[in-house]
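In: Any chance you can model this:
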Amino acid sequence: MTEQRDPSKIHLKSICLQYQLCLLLNSHFFCLLKNGMGLIILCAYVPKTEAGHCKWAEVLKDLEKIKTSKDIDVSLYTANTDEDEECQEPVMRCFFLETEVIIQECRIKNCSETQDVVNIWKNGNASLENKKLNSTTSAKCKECEEYEEKSFTEFIQSFEKVIQRDCKH
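Out: Here you go, the predicted structure:
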């Protein structure tokens, strides 16, 4: 006599194995499934992020796109890359604030990188928006206008260094 298998149990086992595999791969798996017995299983799938993935990854990509632009010729307040750790957030804010100057320059000159610069600004503000600047920390740190004005190329190089430093923490 052969044993008959309940297809809903097989389906459920398959789902459980998929979920365990996703956990093993350090991913998250969410979906809404209903098996034959009316049992509802809630899960979701979010692709695994790379170890050490930086929240500024998109900004870095866009900086790479604009760094060789011949259309952008501005002097920008450029924060020092070696500021104290406690000044990291105000320094980041300065860099993103200065991207507004680049956006204006791009709009005047109709440069091809305008959207990339807007993306940098949007991504930066979205990441910093949720954080309130600590008034005691910001009092110890320089204002953006206190930094030296540097060329666009030097600004981008410093911006990249500051972001990469932040990604390591």
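In: ok, residues contacting the longest helix anywhere in the chain?
Out: Counting residues, the longest helix found in the chain (DSSP state H) is helix 88-109. Counting contacts by C-beta atoms under 8 Å, 6 or more residues apart in numbering, the residues outside helix 88-109 that touch it are 66, 71-74, 76-80, 83, 111, 113-114, 117-118, 120-121, 124-125, 128, 131, 133-134, 137-138, 141-142, 144, 147, 152, 155, 158-159, 162-163, 165-166, 169. In short, each C-beta sits where N, CA and C put it, glycine included.
In: any idea of the mean pLDDT in stretch 109-128?
Out: Mean per-residue pLDDT for stretch 109-128: 90.
In: my bad, stretch 145-155
Out: pLDDT averaged over stretch 145-155 gives 96.
In: Compute the first-to-last residue distance for it.
Out: Stretch 145-155 has an end-to-end distance of 14 Å (C-alpha to C-alpha, to the nearest Å).
In: List of residues touching it?
Out: Residues contacting stretch 145-155 (C-beta under 8 Å, 6+ apart): 67, 69, 72-80, 94-95, 98, 102, 158.
In: Could you rerun that using 6 Å?
Out: Stretch 145-155 has contacts (C-beta atoms under 6 Å, 6 or more residues apart in numbering) with 72, 74-79.
In: Give me the buried positions along that stretch.
Out: 147, 150, 152, 155 (16 or more other C-beta atoms under 10 Å).
In: could you pull out the strands for this structure?
Out: 32-34, 40-42, 75-77, 149-151 (DSSP state E).
In: Who are the packing partners of the third one?
Out: Pointing back at strand 75-77 there. helix 88-109 (3 or more C-beta pairs under 6 Å, 6 or more residues apart in numbering; DSSP states H and E).
In: 10 Å - rerun?
Out: In terms of contacts (3 or more C-beta pairs under 10 Å, 6 or more residues apart in numbering; DSSP states H and E), strand 75-77 is packed against helix 88-109, strand 149-151, helix 152-168.
In: what pairs with the shortest one, and is each one parallel or antiparallel?
Out: Translated: strand 149-151. Sheet pairing of strand 149-151 (DSSP bridges) gives strand 75-77 (antiparallel).
In: related to what we said a few turns ago, tabulate the helices and strands packed on strand 75-77 (TSV), appending distance to Ala57.
Out: Putting those into TSV (distance: least, C-beta to C-beta, whole Å) gives the following:
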stretch	distance to Ala57
helix 88-109	15
strand 149-151	25
helix 152-168	8
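In: Alright, I will stop here.
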